[in-house]
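Participant: only geometry, no sequence info:
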Ligand SMILES: NC(=O)c1ccc[n+]([C@@H]2O[C@H](COP(=O)([O-])OP(=O)(O)OC[C@H]3O[C@@H](n4cnc5c(N)ncnc54)[C@H](O)[C@@H]3O)[C@@H](O)[C@H]2O)c1
């Protein structure tokens, strides 16, 4: 997604993309519980080691890393996390794990599992520091998270298959074991995730594809988040399939949640407000959402979009809008030709989020800006 967003920002993305991995019902379950379990499955099938009491190093404390760390912990391992993101490192620490640098972890660990989405997390100097019999597995990015070229070079051909899916690299009196050739261990040495978690990932993909079919005319070559309604529907169907029924929020259930609210996390609600603002701005003004912000910073991105939207409204036409008004913006209007930066004497001003916009008039709770089809909500005073 990082690469696709960078392409969108450079104008190099040729078609709209829906970030299915960012749907809650994808990464919270597939990445965390699916990969967490199947990674252990692959390691155990390949090595048949006892995890209890071992020092296990998990590189990356994202959704995959969290799942692996918690499952290793559940099996009785001593878990250390290697991270580059300070917030995630802190989270790992407060979840009860040790946090180390790769250099500190290399001589400490018995088993190393990578899940960063990055390349060459463990390199020559780390292989040199690992102890005899250390085991390495990757569950992240293709076979790129371990510097395998360096490992092969260090072994100078002294590589043998000690068990099915386990290669032993003799790097000069010290043997390092690599599972599934450094490829995704849960796929290389096990069967991947159970169907009971992939169902949600595939449902998200199918429903996101349907969304694109239905809305392609409105979509730009940008990265879109999965609509919240799809996420909620997938979760609802999954719960129903598991025979779980839910309570609904009532007005008296919670004084802080409005009736009818799903009571979702504040972060999510803020993020969806951000998404709604972006979608509204794209719809009304036709500008592209270059930020492509994800769920975590949706509210901030939403505010940025609001600012840009207000700037465009204040600047006046012509702008890239799809509305019929945008084509002939001032035709037949009583303020035709008015300078967008000034408000003709006597003409009403309207206040939008604490700012005066020229030439607006109120229509109920909305501000109608002459010359544009766009309308903005008027803040209640
Ligand atoms: N094996 C599977 O079946 C499976 C399933 C889902 C995802 N994945 C893959 O797992 C990887 C991680 O996915 P995720 O959802 O957890 O991503 P994520 O972005 O949530 O987490 C990745 C974490 O790794 C950290 N990181 C990045 N570079 C690092 C480095 N050099 N050293 C230490 N930490 C580093 C990041 O700060 C981040 O916290 C991705 O490559 C993804 O494609 C694999």
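Facilitator: Looks like it arrived, so ask away. None of these values were measured; they are calculated from a predicted model.

Participant: what number of residues lie near the closest residue to the ligand within the stretch 51-200 of the chain?
Facilitator: Nearest to the ligand, among the residues of the stretch 51-200 of the chain, is residue 62, at 1.7 Å (CB to the nearest ligand atom). Yep, even glycine has a C-beta here, placed from its N, CA and C like the rest. Neighbour count for residue 62, taken as other CB atoms under 10 Å: 17.

Participant: now do the same contact list for it.
Facilitator: Contacts for residue 62 (CB atoms under 8 Å, 6 or more residues apart in numbering) come out as 31, 88, 115-117.

Participant: the protein - how does it break down into domains?
Facilitator: 20-188, 327-381 (automatic domain parsing).

Participant: mind checking the end-to-end distance for the longest one?
Facilitator: Domain 20-188 has its terminal residues 24 Å apart, counting by CA to CA, to the nearest Å.

Participant: thinking residue 180 is in contact with residue 188, fair?
Facilitator: Yes. Residue 180 is in contact with residue 188 according to CB atoms under 8 Å; the separation is 2.9 Å.

Participant: how close does the residue of the stretch 51-200 of the chain closest to the ligand sit to residue 81?
Facilitator: Going from residue 62 to residue 81 by CB to CB, to the nearest Å gives 11 Å.

Participant: most neighbours per residue, which of the domains of the chain?
Facilitator: Among the domains of the chain, domain 20-188 has the highest mean neighbour count (mean count of other CB atoms under 10 Å), at a mean of 20.

Participant: next to the ligand, which bits of the protein? Give me the list.
Facilitator: Contact residues, the chain versus the ligand (CB under 6 Å from any ligand atom): 27, 31, 35, 59-65, 82-85, 88, 115-118, 121, 139-141, 184, 186.

Participant: now whatever residue of the stretch 201-350 of the chain ends up closest to the ligand: closest residue in space, sequence neighbours ignored.
Facilitator: Among the residues of the stretch 201-350 of the chain, residue 201 lies nearest to the ligand; the distance is 8.9 Å by CB to the nearest ligand atom. Using CB to CB, 6 or more residues apart in numbering and skipping the chain neighbours, the partner closest in space to residue 201 is residue 30 (4.6 Å).

Participant: could you pull out the helices in this protein for me?
Facilitator: Applying DSSP state H to the chain gives helices spanning 2-10, 24-26, 35-47, 63-74, 86-94, 102-108, 124-129, 148-155, 185-188, 195-215, 228-241, 266-285, 298-315, 324-327.

Participant: and the closest residue to residue 53 other than its chain neighbours, what pLDDT?
Facilitator: Using CB to CB, 6+ apart and skipping the chain neighbours, the partner closest in space to residue 53 is residue 76 (6.2 Å). Predicted confidence (pLDDT) for residue 76: 98.

Participant: how close does residue 76 get to residue 245?
Facilitator: For residue 76, the distance to residue 245 - CB to CB - is 36 Å.

Participant: what sits closest to residue 175 if chain neighbours are left out?
Facilitator: Nearest non-adjacent residue to residue 175, counting by CB to CB, 6+ apart: residue 168, 5.1 Å away.

Participant: in JSON lines: the domains of the chain, plus distance to residue 220.
Facilitator: JSON lines is the format used below for the domains of the chain (distance: least, CB to CB, whole Å):
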{"stretch": "domain 20-188", "distance to residue 220": "18"}
{"stretch": "domain 327-381", "distance to residue 220": "17"}
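
Participant: closest to residue 10 out of those domains?
Facilitator: Closest to residue 10 of those is domain 20-188 (CB to CB; 20.3 Å).

Participant: which residues belonging to stretch 190-206 are considered buried?
Facilitator: For stretch 190-206, a neighbour-count test (16 or more other CB atoms under 10 Å) marks 190, 192-193, 197, 199-201, 203-204 as buried.

Participant: from those residues, which is closest to residue 5?
Facilitator: Distances from residue 5 to the buried residues of stretch 190-206, taken by CB to CB, are shortest for residue 204, at 18.7 Å.

Participant: check contacts around the closest one.
Facilitator: Contact partners of residue 204, counting by CB under 8 Å, 6+ apart, are 20, 23, 25-26, 226, 230-231, 234.

Participant: from residue 52, how far out is it?
Facilitator: 36 Å.

Participant: now residue 159
Facilitator: Separation of residue 159 from residue 52 (CB to CB): 29 Å.

Participant: what's stretch 170-179 in contact with?
Facilitator: 42-43, 46-47, 127-128, 130-137, 146, 148, 151, 154-155, 158-160, 162, 165-169, 185, 188-189.

Participant: could you rerun that using 7 Å?
Facilitator: Stretch 170-179 has contacts (CB atoms under 7 Å, 6 or more residues apart in numbering) with 42-43, 46-47, 127, 130, 132-137, 154-155, 158, 162, 165-169, 185, 189.

Participant: can you check stretch 14-24 too?
Facilitator: Outside stretch 14-24, the residues that touch it by CB under 7 Å, 6+ apart are 1, 4, 26-27, 204-205, 208, 211-212, 219-226, 230-231, 294-295.
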